[in-house]
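**Q** Predicted coordinates and the sequence they were generated for:
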Amino acid sequence: MSEINSKRKTGICKLKLTNFRCYSSLFLEVETSSPVILTGNNGSGKTNMLEALSFLVPGRGLRHARFSDVAMHHSEIVLGQEDNISRFPSSWGVSAKVISPLGEFDIGTGCEGGKEGLERRQVRINGQVAKSQSELGDIMSAVWLTPAMDRIFCGEATQRRRFLDRLVQAFDSGHAGRTTAYSNAYKQWGRLLREGCKDAVWLRALENTMSEYGVAVAAARRDLILRLQPFLLEGGGEFPRAEVSLSGDLENLLGEEPALTVEDRFRERLERSRKIFADGGYISGPHQTDLEVMHEKGIRASLCSTGEQKALLVSIIIAHSKAQIRDRGVAPVMLLDEVTAHLDKKRRGALFSILVDLNSQVWLTGTDIGSFSSLCGLGQFFDIDNAEVTAAVA
Ligand SMILES: Nc1ncnc2c1ncn2[C@@H]1O[C@H](COP(=O)(O)OP(=O)(O)O)[C@@H](O)[C@H]1O
Ligand SMILES: [Mg+2]
């Protein structure tokens, strides 16, 4: 491993949290030049800190949480006096100074609070209100691995699709917006059909939106896989080579025909499927795409051991970082929550070595400072105890 890199990397150098989950108020200053390691007992606030960082990019953060859950909940509810407590969530905020290849930015984001379900996340960049969250994606990108993703290969496709789209988003800051536009049109189209709507103009307009955005989303996902492929096949030392592919009809069609033809075909299919959908049937499309992963030993990821599955996830995000460095000159900020949990000592060492040399900032958490001992002198250690953060020595 190299000594602490004196070159200024991209990443977050100042972080301020207000009423964010367990943090009523927190200010933290770190270097972007070396990994940040947060250790502490269960429930001390480690994942919450990474979640706060994940709000510096577009989306709903690494827990995909409702914003009303993110606001600090106070526990002073006195039995019998619950009515005195506001039923509506309070406001929360995350602000940070970020170093990006484009320069330094002050980012502020959060919710004002309000009626549950109606709250919107506001974003300010250098003091100016951003028109949309996607402006954050032009400044920095971030990827994360959390314990909740440990069984991602065994669960629902939704989780894998979300992971896939997060990786795409790092290359294409408009991807999240297009995914949302597709899914909103799909939901509206489905609702209208099931309510018996026969307004062909309205339905046609939604089908146009779905085909246009759906094909753009599928094309961006295909593009990601092509970018990752060479790095995935190369493997990462202690980490397995992963064979990654997409199962999705639009993604497959795009391998055979030009995008405009695929759009036409999808639009026609949607129109033909109106009756089937209205009768309770389903249609396939980018809302069902799945990410299929095979271990180098020729076994599907879902059949691998928990440790092997974790190693595959690590292989994918390392390949992703290398592809980002090749194509954009900078890797995304990495938020690795309890990443060492299922990795053996050799793989842990190998992972740290790769992370230290990355051209972007990495945040790691764990309960045991000892499992990060090989980062001693190479990382910045902090202890978190009941939402209090102090510098620690490894
Ligand atoms: N909205 C909230 N308001 C106040 N506390 C919260 C909120 N959401 C979660 N917490 C609490 O924050 C604490 C720290 O959580 P977390 O960061 O996930 O812990 P860990 O250090 O194990 O990763 C937990 O005790 C949790 O109950
Ligand atoms: Mg945690």
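**A** Thanks, I have it. Ligands and ions are numbered 1, 2, ... in the order given.
**Q** Could you use CA atoms for every contact and neighbour count after this?
**A** OK.
**Q** which bits of this structure sit near ligand 1?
**A** 21-22, 42-48, 69-73 (CA under 6 Å from any ligand atom).
**Q** ok, C13 touching E31?
**A** Yes - if you go by CA atoms under 8 Å, C13 and E31 touch, sitting 5.6 Å apart.
**Q** Mind jotting down where the helices sit in the stretch 1-150 of the chain?
**A** Taking DSSP state H, counting those that start in this stretch as the criterion, the stretch 1-150 of the chain carries its helices at 46-54, 67-70, 134-139.
**Q** gap between stretch 279-296 and the chain center?
**A** 19 Å (CA atoms, centre = their mean, to the nearest Å).
**Q** CA-only coordinates of it in CSV, if you can.
**A** Output of stretch 279-296 as CSV, limited to C-alpha atoms (Å, rounded to 0.1, in the frame of the first residue of the first chain):
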residue,chain,number,x,y,z
ASP,A,279,-57.7,-7.4,-16.8
GLY,A,280,-55.0,-7.7,-14.1
GLY,A,281,-52.2,-9.1,-16.2
TYR,A,282,-48.6,-7.8,-16.3
ILE,A,283,-46.3,-6.5,-18.9
SER,A,284,-42.5,-6.9,-19.0
GLY,A,285,-40.3,-3.9,-19.3
PRO,A,286,-37.4,-2.0,-17.6
HIS,A,287,-39.4,-2.2,-14.4
GLN,A,288,-38.6,-5.9,-14.3
THR,A,289,-35.0,-6.0,-15.5
ASP,A,290,-32.7,-8.1,-13.4
LEU,A,291,-28.9,-8.1,-12.8
GLU,A,292,-27.6,-11.7,-13.2
VAL,A,293,-24.2,-12.5,-11.6
MET,A,294,-22.1,-15.6,-12.0
HIS,A,295,-19.1,-16.5,-9.9
GLU,A,296,-15.9,-17.4,-11.8
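**Q** burial of the residue in the stretch 201-350 of the chain that ligand 1 sits nearest to, as a residue count?
**A** Nearest residue of the stretch 201-350 of the chain to ligand 1, counting by CA to the nearest ligand atom: D337, 7.8 Å away. Counted with other CA atoms under 10 Å, the neighbours of D337 add up to 21.
**Q** ditto for the one 5 residues further on
**A** Taking other CA under 10 Å as the neighbour definition, H342 ends up with a count of 18.
**Q** That one against Q309, yeah?
**A** No - assessed by CA under 8 Å, H342 is found out of contact with Q309, at 9.1 Å.
**Q** Would you mind confirming that T39 makes contact with K46?
**A** Yes - using CA under 8 Å, T39 is in contact with K46, at 7.2 Å.
**Q** any shared contact partners between those two?
**A** 365-366, 384 (CA atoms under 8 Å, 6 or more residues apart in numbering).
**Q** tell me the contacts of the nearest residue in space to G137 that is not next to it in sequence?
**A** The shortest distance from G137 to any non-neighbouring residue, by CA to CA, 6 or more residues apart in numbering, is to S173 (4.8 Å). Counting by CA under 8 Å, 6+ apart, S173 makes contact with 134-135, 137-138.
**Q** can you tell me how far S173 sits from E51?
**A** Using CA to CA, to the nearest Å, one gets 19 Å for the distance from S173 to E51.
**Q** What pLDDT does the model give K115?
**A** K115 is assigned 63 on the pLDDT scale.
**Q** Helix or strand: which one has the residue nearest the centre of the chain?
**A** By CA atoms, centre = their mean, the chain has its centre lying nearest to R166, at 4.5 Å. Using DSSP states H and E, the element containing R166 is helix 157-171.
**Q** contact partners of the helix or strand containing K187?
**A** Using DSSP H and E, the element containing K187 is helix 175-194. For helix 175-194, the surrounding residues in contact (CA under 8 Å, 6+ apart) are 58-59, 134, 165, 168-169, 203, 206-207, 209-210, 213-214, 216-217, 220, 274-275, 277-280, 287.
**Q** any idea which helix or strand comes after that helix?
**A** Assignment by DSSP H and E places the next element after helix 175-194 at helix 200-234.
**Q** buried residues in that following helix?
**A** By neighbour count with 16 or more other CA atoms under 10 Å, helix 200-234 contains the buried residues 203-204, 206-222, 224-225, 227-229, 231-233.
**Q** From G285, how far out is the closest residue to A170 other than its chain neighbours?
**A** In this structure, A170 finds its nearest non-sequential neighbour in S141, 5.0 Å apart by CA to CA, 6+ apart. As defined by CA to CA, S141 lies at a distance of 27 Å from G285.
**Q** got it, and A96?
**A** Counting by CA to CA - A96 and G285 are separated by 38 Å.
**Q** Who has more neighbours out of the two?
**A** Applying other CA under 10 Å to A96 and G285 shows that A96 carries more neighbours, namely 24 against 19.
**Q** Does the more buried one touch D106 like I think?
**A** Yes - with contact defined as CA under 8 Å, A96 reaches D106; the gap is 5.8 Å.
**Q** which residues does D290 form a beta bridge with?
**A** Using DSSP bridges, the bridge partners assigned to D290 are S247.
**Q** Which pLDDT does the model give it?
**A** 98.
**Q** what do you get for S134?
**A** Reading off the model, S134 has pLDDT 88.
**Q** what's the burial count for the closest residue to it other than its chain neighbours?
**A** Leaving aside its chain neighbours, S134 sits nearest to P58 (5.6 Å; criterion: CA to CA, 6+ apart). Counted by other CA under 10 Å, the residues lying close to P58 total 25.
**Q** ok, now which ones touch P58?
**A** Contacts of P58 (CA under 8 Å, 6+ apart): 133-137, 176.
**Q** What subset of these is buried?
**A** By 16+ other CA under 10 Å, those give 133-137, 176 as buried.
**Q** How many residues are close by the residue nearest to Q380 when sequence neighbours are not counted?
**A** Once flanking residues are discounted, Q380 sits nearest to V36: 4.8 Å by CA to CA, 6+ apart. Residues lying near V36 (other CA under 10 Å) number 21.
**Q** Report how many residues lie close to the residue lying closest to K346 once chain neighbours are set aside.
**A** Distances taken as CA to CA, 6+ apart place E238 nearest to K346, at 7.6 Å, with adjacent residues excluded. Neighbour count of E238, defined by other CA under 10 Å: 14.
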